[in-house]
Each structure stands twice: as structure tokens, then as C-alpha cells.
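> sequence-free structure coming up:
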């Protein structure tokens with residue numbers, strides 16, 4: 001039986017075919033219960049406030065592998081049951097890789113699967129970035145209700161980027177309120193109708209298909225550039 005309080009939490013350092021080489025953190029996608037074979041029970045996903053895209057979620061294909069669901073479920077339960085331990089463990093991992101002779105973790109993609117669930121979680125990610133200035137962190141989110149109040153009051157660390165997921169008019173108003181703050185961007189899904197006109201388009205997709213020659217790590221638009229509105233064609 002999985003015990004969240006006795007598990008050692010870590011970033012996945014393997015990346016994937018789309019992201020390229022980077023550290024990745026993932027939780028359970030969607031808003032409905034997902035059966036986890038290794039746990040013998042169902043766990044509700046983390047996208048409760050924004051699960052209108054659940055059927056089209058890009059994570060769906062990977063959930064044919066029980067090990068993927070299990071790893072996402074472990075992280076989900078950790079954040080719900082012992083968040084202080086989770087972030088202490090991730091802090092330890094980053095610190096270890098900052099030692100002489102070790103390869104630093106230069107880039108972290110937060111929630112490659114899943115979504116923010118509460119204010120404390122977002123603040124913990126920001127605090128982790130503040131402690132590890134040599135690592136870039138970035139996240140796409142529809143939880144404007146969580147990130148906007150914090151950003152309006154505190155801004156963002158220079159190594160932290162928040163991309164407001166914008167679909168049609170969803171997220172448009174919330175993004176407009178904070179768009180001038182450094183580190184804030186819009187990631188606009190373009191299916192022929194856009195609420196915000198993109199300044200540039202994500203090069204990862206060509207004719208609706210993933211271009212395997214381009215990875216997020218190679219591109220860097222979302223976490224290195226000062227471009228504000230990044231479009232992504234429907235795929």
C-alpha cells in the first residue's frame with residue numbers, strides 16, 4: 001500500500017519526445033476518478049475547475065500505461081496529504097544537483113499533466129524558484145483564481161513563468177489584468193477563433209502534427225523569451 005508520508009518525491013529528469021531534456025512534475029489529469037491498479041482504488045484528478053478539455057487531453061494516450069498513472073497518483077496524493085514533505089524533497093533534489101561535479105537542473109516544467117489545486121501549492125512552487133535562482137520554472141494553467149491574486153500582489157521571480165491557457169474568451173480577461181507583469185504570458189489555443197491575437201506561434205506542431213525535430217527545450221518561447229502571447233494551432 002502506498003504511504004505518501006514515507007515516499008521520496010522527485011522530478012522526472014527523463015523529459016519526453018515533445019518536451020526534450022528537462023525536469024518534469026506531473027499529477028493526475030482530469031476531474032473524474034481514475035483507478036490506480038497499484039493502489040487498488042480510484043483517485044480524483046487535479047483539474048476540477050477546468051476539466052472541460054478532459055476528453056481531448058494530450059495526457060490521455062499515456063494513461064494506457066499503468067506506471068504513468070501510478071506515478072501521477074503518487075504526486076497527487078503527496079501534494080494533498082503531505083505537501084511540505086513534497087517540496088522539501090524537491091528542494092533536496094535541486095540542491096543535490098547544484099553540488100560541484102553534478103549536472104544542474106536548469107529547467108522545470110510544472111504540471112506536464114494535471115493542474116494547481118490551491119494557493120499554498122502555487123506559493124510553494126514560487127518559493128522553490130526563489131531558492132533556486134539558477135533553475136527556470138514554467139507552468140501552463142487555467143487556475144486564474146489561484147495565480148492572479150498572488151501575481152497582482154507579489155509579481156513573479158525572474159526565473160518563473162506563468163502561461164495563462166486561453167481558449168476563445170476563456171482566460172482572456174484574467175490574462176489582460178496581469179499581462180504587463182514580467183513572467184506572465186498567454187498560451188492561446190487557435191482552432192480558428194482566438195480571443196487574443198498571438199504574437200508568435202508554437203513551432204512544435206506543423207499541419208496539426210507534432211514536429212519531432214522541435215522540442216520545448218530547444219524552442220524556449222514559453223520560458224526564455226519576452227514574447228507575451230504565444231499561439232498554438234489546433235492539433
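Here it is on my side, so go on. Computed from a prediction, not measured in an experiment: that's the story for all the values here.

> For the chain, which segments count as helices?
66-81, 83-97, 119-131, 144-154, 172-178, 216-219 (DSSP state H).

> which other residues reach the last one?
Which is helix 216-219. If you take C-beta atoms under 8 Å, 6 or more residues apart in numbering as the criterion, helix 216-219 is touched by 15, 18-22, 107, 109, 202-204, 222. The way it works is simple: take the backbone N, C-alpha and C, and place the C-beta from them, glycine included.

> May I see the PyMOL selection of the buried members of the residues you listed?
Buried residues among the contacts of helix 216-219 (16 or more other C-beta atoms under 10 Å), as a PyMOL selection:
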select buried, resi 15+18+19+22+107+109+202+204+222
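
> Identify, from the contacts of helix 216-219, the entry nearest to residue 169.
Closest to residue 169 out of the contacts of helix 216-219 is residue 202 (20.3 Å), distances taken as C-beta to C-beta.

> got the contact list for the closest one?
Taking C-beta under 8 Å, 6+ apart, one finds 187, 219, 221, 230-233 in contact with residue 202.

> Please name the residues that touch the nearest residue to residue 211 once chain neighbours are set aside.
In space, and not counting its chain neighbours, residue 211 is closest to residue 204: 5.9 Å by C-beta to C-beta, 6 or more residues apart in numbering. By C-beta under 8 Å, 6+ apart, the contact list for residue 204 reads 18, 210-211, 214-216, 219, 232.

> In PyMOL, select just the buried ones from those residues.
The following PyMOL line selects those of those that are buried, judged by 16+ other C-beta under 10 Å:
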select buried, resi 18+214+215+216+219+232
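
> Now tabulate the contacts of residue 204 in JSON lines and tack on distance to residue 174 and pLDDT.
Shown next, in JSON lines, are the contacts of residue 204 (distance: C-beta to C-beta, whole Å; pLDDT from 0 to 100):
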{"residue": "18", "distance to residue 174": "26", "pLDDT": "80"}
{"residue": "210", "distance to residue 174": "28", "pLDDT": "76"}
{"residue": "211", "distance to residue 174": "30", "pLDDT": "75"}
{"residue": "214", "distance to residue 174": "29", "pLDDT": "87"}
{"residue": "215", "distance to residue 174": "29", "pLDDT": "88"}
{"residue": "216", "distance to residue 174": "24", "pLDDT": "90"}
{"residue": "219", "distance to residue 174": "25", "pLDDT": "91"}
{"residue": "232", "distance to residue 174": "18", "pLDDT": "91"}
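
> Widest-spaced pair of the contacts of residue 204?
Taking C-beta to C-beta, the two most distant members of these are 215 and 232; they sit 14.6 Å apart.
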